[in-house]
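>>> Kindly generate the corresponding structure for this input.
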Amino acid sequence: MTRLDFSWQGILSLLLCVAAIATLPLVAEGAAAPFSATDTAIILLFLAVAALLSFVNMPAVFSAAILFVGSHYAAWLLLSDIAGNEGKARISFFILLAASWLFAWRCVVVLSGMTSRTSMGNLCLRLIIPAIFGAWILIIWEAVTRGAGIPFVLLPPPSSIGARIAGSIPILAADVRQTIFKAVLIGYAIGCASGFIVAILADRIAFLRRGLLPIGNMVSALPIIGVAPIMVMWFGFDWPSKAAVVVVMTFFPMLVNTVAGLSASGAMERDLMRTYASDYWQTLLKLRLPAAMPFIFNALKINSTLALIGAIVAEFFGTPIVGMGFRISTEIGRMNVDMVWAEIAVAALAGSVFYGVVALLERATTFWHPSVRGG
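Here you go, the predicted model:
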């Protein structure tokens, strides 16, 4: 006899399906395009079958596949039928959405317990689990904004933001080129490189270390909205003033972290280098800088987000008619909220890619560190 493997998510989903049947229809009467009885029956059937099959003791990959298909197909039907019925959703619509979400939750639980024999399989598992999390944030966002009829100017649905991105690619590309490829990358490179060089000098010269670090802590606390207009006055309205803001924001985190990292090597290792008659620069290159790499990459990762924030905020205080900050401040005044969210989405994607590249470089450089060897 096959042993059943019950889960509280599946049991609760079945109970929610029963509750949804008791509170039908899914949309209020008088809706422009009411849910068809066929679609409602398909949603309930999919959820019920997925719940029952998930109770069967089977290989984890099959259980995850059933849960994935059942939850996402039901959610897709709910979202496709609510379009045109904004603000008309009844409680049964949200109950079925919650049941679909519970199946996705169970799918993530099953995937989290799986391991693969190949590195590619483990990489796919590490990617698909956060992808399901992110997809359900968008699904719930879309369902709530359309089902509850939230005004567009308060919170547009993700589908409208995606349509705006698809229709505004030339504008978004020009903004990315101005803000990221000019202000962010150039300011980031100058700020991090100068912070690293000054940290080496501060490590070598005691009075620099004692004088700069307190100033660094003070400058790190300066509000960007105070620094940005000054830099615009000094360097003009084009991207150099935004790059200058990025330099100010990234210089001192790199300085402080590098100075701390240079003192991370142990006294025993430094004594060993002295027994080999190593001078300062040999010890720095072969011992202290490798030991400081986790600190340096920590500063690089912090600066990857600070640089993007600094450049966008600096564009609020004066810029040519291009740039992500300029577009956000202009379009919000025109109540084009979907364009504002499109810029935010592009900025978030660019920041994530930037951070991910730095993290990959860290793993390749500090492969010997316990934090990297541990996963």
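
>>> What distance do you get for the closest residue to Ile11 other than its chain neighbours to Trp105?
Nearest residue to Ile11, sequence neighbours excluded (C-beta to C-beta, 6 or more residues apart in numbering): Ala51, at 7.9 Å. In short, each C-beta sits where N, CA and C put it, glycine included. For Ala51, the distance to Trp105 (C-beta to C-beta, to the nearest Å) stands at 13 Å.

>>> Tell me which of the two has more neighbours.
Set side by side, Ala51 and Trp105 show more neighbours around Ala51, with 26 against 20, by other C-beta atoms under 10 Å.

>>> isn't that one right up against Arg106?
No - using C-beta atoms under 8 Å as the test, Ala51 is too far from Arg106 to be in contact (9.1 Å).

>>> okay, and the common contacts of the two?
Common contacts of Ala51 and Arg106 (C-beta atoms under 8 Å, 6 or more residues apart in numbering): Gly10.

>>> Can you tell me the element the residue nearest to Ile11 falls in?
helix 37-54 (DSSP states H and E).

>>> Tell me the helix or strand right after that helix.
Following helix 37-54 in sequence, per DSSP H and E, is helix 60-82.

>>> got the phi/psi numbers for Ala264?
Reported as degrees, to the nearest 10, the phi and psi values for Ala264 are phi -80, psi -20.

>>> For it, give me its contacts.
Neighbouring residues of Ala264 by C-beta under 8 Å, 6+ apart: 288, 291-292, 294-295.

>>> Kindly recompute the last result at 6 Å.
Counting by C-beta atoms under 6 Å, 6 or more residues apart in numbering, Ala264 makes contact with 291-292.

>>> And it, how close does it get to Leu287?
According to C-beta to C-beta, Ala264 stands 10 Å off from Leu287.

>>> Would you verify that Glu86 is located in a strand?
No - counting by DSSP: H, G, I helix; E, B strand; the rest coil, Glu86 is not part of a strand but coil.

>>> neighbouring contacts of the helix holding Ala51?
Contacts of helix 37-54 (C-beta under 6 Å, 6+ apart): 10, 13-14, 17, 63, 66-67, 70, 73-74, 77, 81, 96, 99, 103.

>>> May I have it exported as CSV, CA atoms only?
Only the C-alpha atoms of helix 37-54 are listed here, as CSV (Å, rounded to 0.1, in the frame of the first residue of the first chain):
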residue,chain,number,x,y,z
ALA,A,37,-18.1,28.3,-15.2
THR,A,38,-15.6,26.3,-17.2
ASP,A,39,-12.6,28.4,-16.0
THR,A,40,-13.8,28.2,-12.4
ALA,A,41,-14.2,24.5,-12.6
ILE,A,42,-10.7,24.1,-14.2
ILE,A,43,-9.1,26.1,-11.4
LEU,A,44,-10.8,24.1,-8.7
LEU,A,45,-10.0,20.8,-10.5
PHE,A,46,-6.4,21.7,-10.9
LEU,A,47,-5.9,22.7,-7.3
ALA,A,48,-7.7,19.7,-6.0
VAL,A,49,-5.8,17.2,-8.2
ALA,A,50,-2.5,18.9,-7.4
ALA,A,51,-3.3,18.6,-3.7
LEU,A,52,-4.2,15.0,-3.8
LEU,A,53,-1.2,14.0,-6.0
SER,A,54,1.1,15.9,-3.7
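
>>> what's the angle from it to helix 60-82?
Calculated by axes from the mean of the first three to the mean of the last three C-alpha atoms, to 10 degrees, helix 37-54 forms an angle of 160 degrees with helix 60-82.

>>> picking that back up, and the pLDDT at the residue nearest to Ile11?
Listed pLDDT for Ala51 reads 80.

>>> likewise the one 3 residues further on?
As predicted, Ser54 sits at a pLDDT of 77.

>>> same deal with Ile180?
Reported pLDDT for Ile180: 92.

>>> That one: neighbour count?
As a burial measure, Ile180 scores 23 neighbours (other C-beta under 10 Å).

>>> residues in contact with it?
Per C-beta under 6 Å, 6+ apart, neighbours of Ile180: Ala350.

>>> same question, Ile129
108, 111.

>>> Run a quick neighbour tally on the closest residue in space to Thr145 that isn't next to it in sequence.
Distances taken as C-beta to C-beta, 6+ apart put Pro157 closest to Thr145, at 4.4 Å, once the chain neighbours are dropped. Using other C-beta under 10 Å, Pro157 has 24 neighbouring residues.

>>> repeat for Cys107
26.

>>> What's the separation between it and Cys124?
Cys107 is 14 Å from Cys124, by C-beta to C-beta.

>>> okay, now Ala221: neighbour count?
When neighbours are defined as other C-beta under 10 Å, Ala221 has 8 of them.

>>> Next: Arg210.
10.

>>> What lies in contact with the helix or strand harbouring it?
Assigning secondary structure by DSSP H and E places Arg210 in helix 206-220. With C-beta under 6 Å, 6+ apart as the test, helix 206-220 has contacts from 201-202, 252, 255-256.

>>> what ranges do the helices span in the stretch 201-350 of the chain?
Taking DSSP state H, counting those that start in this stretch as the criterion, the stretch 201-350 of the chain carries its helices at 206-220, 224-235, 239-262, 267-275, 280-283, 289-314, 324-333, 337-365.

>>> Gln178: which of the ones you listed is closest?
Smallest distance to Gln178 across the helices of the stretch 201-350 of the chain (C-beta to C-beta): 6.2 Å, for helix 239-262.
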